[in-house]
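# Provided below are the primary sequence and the corresponding predicted coordinates.
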Amino acid sequence: MKIIGVTGGIGSGKSTVCRILKKLGAALIDADKISHNIMNKGSLAYNECVSFFGKCILDEFGEINRKKLADIVFNDKKQLEALNKITHKYIFEEMNNQISQNLDKDLVVLDVPLLFGSDFPIKCDATVGVIADEEIRVMRASKRDSAKAEKIRERIKNQISDKEYYSLADFVIENNGSEEELIKKVKELYRSIIA
Ligand code: ATP
């Protein structure tokens, strides 16, 4: 079994690449999905977050309101670090759990937004950076969730550059073309990793 980490900035097509790899037979582990699930009411991460940030982060059903939490940690490095310190251990534990459930697979794909931005503790056999031109990323991301173009551009500015992906990742996929072109590139990637 091989483990690869797939990463990329907003609107780059990272999750699309992961979905294509899944169709080709890989097991997919989605860090974003896990980070949502570990915050569900009653979970250990939920309890730690509520004790640290207070009940002001809860909605009327007692669930963590992610928007409220995001507002607290946005632009406050200390609070963000505190949140990461609480959540990362649970996220990585669950990712490791899911890896151990897929030991029979040829390939396990980790969909991780911040593979290079933090101390990522899971050893990958290879890393893949998905990149696309800024205008294309803005168009894709705004079409997907009707976010404002300026907000997306602001996020892109704070994310790592294409040049950095070329120096950090073992493979870089340029996703400026059609989905068909992307599928072709991902199939080649799959073959070269599995070989
Ligand atoms: P985020 O980090 O913001 O979640 P992402 O990098 O995971 O973004 P995706 O969700 O894979 O990006 O793609 C963003 C949008 O762009 C989706 O609606 C997806 O269907 C579309 N998309 C991705 N690649 C292509 C492509 N080559 N051609 C057309 N649409 C694409």
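Thanks, I have it. Numbers count the residues shown, from 1 in each chain.
# Give me the buried positions along the helix or strand hosting Tyr165.
Secondary structure here is read from DSSP states H and E; on that basis Tyr165 sits in helix 162-168. When burial is assessed from 16 or more other C-beta atoms under 10 Å, helix 162-168 yields the following buried residues: 162, 165. (Glycine included, C-beta is placed from N, CA and C.)
# Pull the residues that contact it.
Applying C-beta atoms under 8 Å, 6 or more residues apart in numbering, the external contacts of helix 162-168 come out as 8, 116, 127, 129, 131, 160, 172.
# From Leu189, how far off is the residue sitting furthest away from the middle of the chain?
In the chain, counting by C-alpha atoms, centre = their mean, Glu60 sits farthest out from the average C-alpha position, at 28.3 Å. If you measure Glu60 against Leu189 using C-beta to C-beta, to the nearest Å, the figure is 45 Å.
# OK, contacts around Ile20?
Contacts for Ile20 were tallied using C-beta under 8 Å, 6+ apart; they are 182-183, 186-187.
# Next, it: secondary structure please.
What DSSP: H, G, I helix; E, B strand; the rest coil gives for Ile20 is helix.
# Near the ligand, which residues of this protein? Just list them.
Taking C-beta under 6 Å from any ligand atom as the test, the list of the chain residues beside the ligand reads 8, 10-16, 113, 140-141, 144, 175, 177-179, 182.
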